[in-house]
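>>> Have a look; sequence and predicted model below, questions after that.
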Amino acid sequence: MHPDVVQAVEDAMHRVPREQRDDDEQERLAEPVLREDERARVAHPVGAQREAERRRQAAGTLSGGEQQMLAIGRCLMARPRLILFDEPSLGLAPTVTETVFQIIAGIQREGTTVLMVEQNAYMALQLASRAYVMETGRITLEGPARDLMQDDHVKKAYLGG
């Protein structure tokens with residue numbers, strides 16, 4: 001797992017106001033989110049420093065990228081088999097977008113299936129094994145992502161070439 005996701009997972013439940021938590025969430029707060037072996041595998045000194053700085057900060061005051069990483073972290077707490085990402089790069093700076101896509105790639109490597117809707121075709125096709133191109137609400141192309149990256153129409157319309 002990416003260190004920024006670990007930081008988000010560790011702190012995610014503490015950002016939800018107590019009155020919005022159900023009884024199961026209250027019990028989970030008493031248990032560590034990550035097992036000791038998981039914590040050791042993803043330990044990162046910069047992440048720990050950033051986590052310490054953000055621990056008491058309200059979720060709504062985080063930057064867009066930090067909020068996105070927090071949302072991903074909260075999702076990962078349930079250890080899902082499938083995660084749907086709807087425009088994960090929307091409104092993010094290019095460097096933050098890169099970080100978010102690195103996190104998503106890490107999620108895939110860990111074995112979680114990712115279904116993504118994304119307008120940044122280049123980044124999405126880099127990550128995908130299979131892709132669908134939609135134009136005006138209809139699927140116009142589909143196939144392995146590597147094949148779509150070589151398609152002339154996709155190159156011209158979506159990849160700037």
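Good, I have the coordinates.
>>> what's the weakest-modelled helix or strand in the protein?
Lowest by mean pLDDT, DSSP states H and E among the helices and strands of the chain is helix 23-29, with a mean of 49.
>>> Mind pulling up the pLDDT for residue 126?
If you check residue 126, the pLDDT there is 92.
>>> any idea how far it is from residue 62?
Residue 126 sits 26 Å away from residue 62, taking Cβ to Cβ, to the nearest Å as the criterion. Heads up, the C-betas are built off the backbone N, CA and C, glycines and all.
>>> Neighbour count: these two, which is higher?
Looking at residue 126 and residue 62 with other Cβ atoms under 10 Å, you find the greater number of neighbours at residue 62, namely 16 against 13.
>>> Restricting to C-alpha, output the longest helix belonging to the chain in PDB.
Among the segments of the chain that qualify as a helix by DSSP state H, the longest is helix 94-109. The C-alpha trace of helix 94-109 is given here as PDB (Å, rounded to 0.1, in the frame of the first residue of the first chain):
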ATOM      1  CA  PRO A  94      -1.000  17.200 -12.100                       C
ATOM      2  CA  THR A  95       1.500  16.100  -9.400                       C
ATOM      3  CA  VAL A  96      -1.400  15.100  -7.100                       C
ATOM      4  CA  THR A  97      -3.100  13.200  -9.900                       C
ATOM      5  CA  GLU A  98       0.100  11.200 -10.400                       C
ATOM      6  CA  THR A  99       0.200  10.300  -6.700                       C
ATOM      7  CA  VAL A 100      -3.500   9.300  -6.800                       C
ATOM      8  CA  PHE A 101      -2.900   7.100  -9.800                       C
ATOM      9  CA  GLN A 102       0.200   5.500  -8.100                       C
ATOM     10  CA  ILE A 103      -2.000   4.700  -5.200                       C
ATOM     11  CA  ILE A 104      -4.600   3.100  -7.500                       C
ATOM     12  CA  ALA A 105      -1.900   1.100  -9.200                       C
ATOM     13  CA  GLY A 106      -0.800  -0.100  -5.800                       C
ATOM     14  CA  ILE A 107      -4.300  -1.200  -4.900                       C
ATOM     15  CA  GLN A 108      -4.500  -3.200  -8.200                       C
ATOM     16  CA  ARG A 109      -1.100  -4.800  -7.400                       C
END
